[in-house]
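> Okay, predicted coordinates and the sequence, questions at the end:
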2 protein chains.
Amino acid sequence: MELWYTEFQTPNVGITCKTKKTYHTEKTEFQDLALIETEQFGRMLVLDGTVQTTIEDEFVYHEMISHVPLFTHQNPKKVLVIGGGDGGAIREIIKHPSVEKAVLCEIDRRVIEVSKEYLPEISCALNDKKVEVLVADGIKYVKENKGEFDVILVDSTDPVGPAVGLFAVDFYRSIYEALKEDGIFVAQTESPFFHKDLIKSVYRDVSSIFPITRLYTCAIPTYPSGYWSFTMGSKKYDPLETDISKIPDLDTKYYCPQIHKAVFALPKFVADLVK
Amino acid sequence: MELWYTEFQTPNVGITCKTKKTYHTEKTEFQDLALIETEQFGRMLVLDGTVQTTIEDEFVYHEMISHVPLFTHQNPKKVLVIGGGDGGAIREIIKHPSVEKAVLCEIDRRVIEVSKEYLPEISCALNDKKVEVLVADGIKYVKENKGEFDVILVDSTDPVGPAVGLFAVDFYRSIYEALKEDGIFVAQTESPFFHKDLIKSVYRDVSSIFPITRLYTCAIPTYPSGYWSFTMGSKKYDPLETDISKIPDLDTKYYCPQIHKAVFALPKFVADLVK
């Protein structure tokens, strides 16, 4: 018998993966959670029927949400991740020697626990001494911590269910206030092919708050359309002015200094979304 | 009743698309051909069970296989497309005012005919007076036409069935000889996630023949992994030295001067394939 897991990424298109094993399923306080083994991508975390991360391609997302803003800042000491309970962004953040403290603020305790159990390659840094793990509402947390962070990453699920508030203009204002005076934030903002309206509205909202707003993209096979966007709001540093000759070589598989600026060069139909 | 078309892109992962209608299916002399209507991507041409092109995302592939080499050359007059019977690359090529003649050499007459009937948005330039359409074996054709072309595009299917010979080092030698002394060629070379060995071997073969060899990539939702590569062999012009300020604004949706060089900036795991 063959078992295939299919995610319908829109009502009209899906990705289907041959599975070997289901390690775990549960209904948490916030969402349906599944941890399965796929033939193509290895272990896969699925929330509310949507692929969150897989062993084979997680490096793209986690490196790209982290290193682009951290190397744009150049001297980040205190970094906050909202969401991201699998720990992948945290793992990348603590590769930066300047980072003294990385805070993870994840609303669903079970995402952290299941990732620690089944995805050790991704969650491995959650026990690092520089890392503080909070099970809390990110929206409330940023409101309560003003002027605290050099970089904030919004590593959220799709804008449905628990993550809706993480795509709202009020939240971006709170993030602005939670950042230091030269702070930077990045949010994952879905697919340029399938979520054009979302990218437009987030970019417009972030632009209304931050002096520097930039969109960048990368290729992620297990996410809808395989093409993904991130929106950056920055108070002072422009990623297009980063001196890439000063970027050290980290242990990465996707990010490298040579793509730091190139990822902001957008195909015409994407550039048109943020004009 | 819902009908879904699934392409298994590898033995372990597939893309599945809700379909509205099947316009046409046949077994041609060379391959199985199907023309279907999908909800997400509109009309779709499928050869041997593999998505070739769709109305919604065809612009990416056709613009990127064409404009990158043509603007690297800067004054292409005579251009050859091997394969590409849907006519999409030809449509992009004749947007260049310098082009005096574009030759399409497609082995399967039925691909051309079905594309003319069902994909007029893509095949629209095949009747242009600058265009010559040949139903012939591309391998034989390039051997018989030496020193003729400024640019040659290898717009092939995957390296199985009729296209196997289009991924061979002997073929690249014939292409070198079919080009003028400052000629450029580009071949589609599959997914950096799923076809690493192919990309490596084509790059090595092309490097052994052409003084300048470059790999570039783009995002194509309906192709395996959503991330695609092209390999360029060039006798004289380096795309990284193109003066992009001289590139005119064409009617495109993906290609623009701003990405002409950025698409050659490769993620680390892709750059490692062509070291």
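On my side now, so go ahead.

> OK, contacts around residue A:271?
Residues near residue A:271 by C-beta atoms under 8 Å, 6 or more residues apart in numbering or on different chains: B:256, B:258. (Glycine included, C-beta is placed from N, CA and C.)

> so which helix or strand takes in it?
helix A:268-271 (DSSP states H and E).

> cool, residue A:46 as well?
Counting by DSSP H and E, residue A:46 is part of strand A:42-47.

> Okay, now the sheet partners of that strand, with direction.
strand A:32-38 (antiparallel), strand A:50-54 (antiparallel) (DSSP bridges).

> Show me what residue of the stretch 101-250 of chain A gets nearest to chain B.
Going by C-beta to the nearest C-beta, chain B is nearest to residue A:226 of the stretch 101-250 of chain A, at 1.5 Å.

> Give me the pLDDT value at the nearest residue in space to that residue that is not next to it in sequence.
Among residues not flanking residue A:226 along the chain, residue B:226 sits closest, at 1.5 Å (C-beta to C-beta, 6 or more residues apart in numbering or on different chains). The model reports residue B:226 with a pLDDT of 98.

> Same question for residue A:162.
Note for residue A:162: predicted pLDDT of 79.

> hang on, isn't it packed against residue A:32?
No. Checked against C-beta atoms under 8 Å, the pair residue A:162 and residue A:32 is beyond contact range at 11.6 Å.

> rewinding a little: please work out which of the strands paired with strand A:42-47 is packed deepest.
Most buried of the strands paired with strand A:42-47 by mean neighbour count (mean count of other C-beta atoms under 10 Å in any protein chain shown) is strand A:50-54; its value is a mean of 24.

> So what angle separates the directions of the helix or strand that that strand is followed by and strand A:42-47?
Where DSSP H and E defines the elements, the next helix or strand beyond strand A:50-54 is helix A:58-73. On the basis of axes from the mean of the first three to the mean of the last three C-alpha atoms, to 10 degrees, helix A:58-73 is oriented at 70 degrees to strand A:42-47.

> tilt between the helix or strand just after helix A:58-73 and helix A:58-73?
Per DSSP H and E, the first helix or strand lying C-terminal to helix A:58-73 is strand A:78-83. Here strand A:78-83 runs at 140 degrees with respect to helix A:58-73, directions being taken by the same axes, to 10 degrees.

> Quick check: can you name the pairing partners of strand A:78-83 and their directions?
strand A:101-106 (parallel), strand A:149-155 (parallel).

> Would you mind giving those as TSV with mean neighbour count and mean pLDDT added?
Formatted as TSV, the strands paired with strand A:78-83 follow (neighbours: other C-beta atoms under 10 Å in any protein chain shown; pLDDT from 0 to 100):
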stretch	mean neighbour count	mean pLDDT
strand A:101-106	24	98
strand A:149-155	26	98
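
> Nearest approach to residue A:143 belongs to which of the ones you listed?
Closest to residue A:143 of the strands paired with strand A:78-83 is strand A:101-106 (C-beta to C-beta; 11.7 Å).

> Look at residue A:79 and say how many residues are nearby.
30 (other C-beta atoms under 10 Å in any protein chain shown).

> Can you name the residues bridging to it?
With DSSP bridges applied, residue A:79 shows beta-bridge pairing to residue A:102, residue A:151.

> correct me, but it touches residue A:153?
Yes. Using C-beta under 8 Å, residue A:79 makes contact with residue A:153 at a distance of 7.2 Å.

> Can you check which residues contact both of the two?
Contacts common to residue A:79 and residue A:153, judged by C-beta under 8 Å, 6+ apart, are residue A:93.

> quick one, what contacts the most centrally placed residue in chain A?
In chain A, the centroid-proximal residue (C-alpha atoms, centre = their mean) is residue A:155; its distance is 3.3 Å. Going by C-beta under 8 Å, 6+ apart, residue A:155 touches A:65, A:81-84, A:88-89, A:188.

> Those: which two are farthest apart?
A:82 and A:88 (13.8 Å).

> Need the three-state assignment for residue A:17.
Here residue A:17 is recorded as strand under DSSP: H, G, I helix; E, B strand; the rest coil.

> so who does the residue found closest to it once you drop the neighbours it is linked to in the chain touch?
Nearest non-adjacent residue to residue A:17, counting by C-beta to C-beta, 6+ apart: residue A:38, 4.2 Å away. Residues near residue A:38 by C-beta under 8 Å, 6+ apart: A:5, A:17-20, A:44, A:54, B:12-13.

> will you turn those into JSON lines that also has distance to residue B:123 and pLDDT?
Output for those, formatted as JSON lines (distance: C-beta to C-beta, whole Å; pLDDT from 0 to 100):
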{"residue": "A:5", "distance to residue B:123": "37", "pLDDT": "97"}
{"residue": "A:17", "distance to residue B:123": "34", "pLDDT": "98"}
{"residue": "A:18", "distance to residue B:123": "36", "pLDDT": "98"}
{"residue": "A:19", "distance to residue B:123": "40", "pLDDT": "98"}
{"residue": "A:20", "distance to residue B:123": "43", "pLDDT": "97"}
{"residue": "A:44", "distance to residue B:123": "40", "pLDDT": "98"}
{"residue": "A:54", "distance to residue B:123": "38", "pLDDT": "98"}
{"residue": "B:12", "distance to residue B:123": "34", "pLDDT": "98"}
{"residue": "B:13", "distance to residue B:123": "30", "pLDDT": "98"}
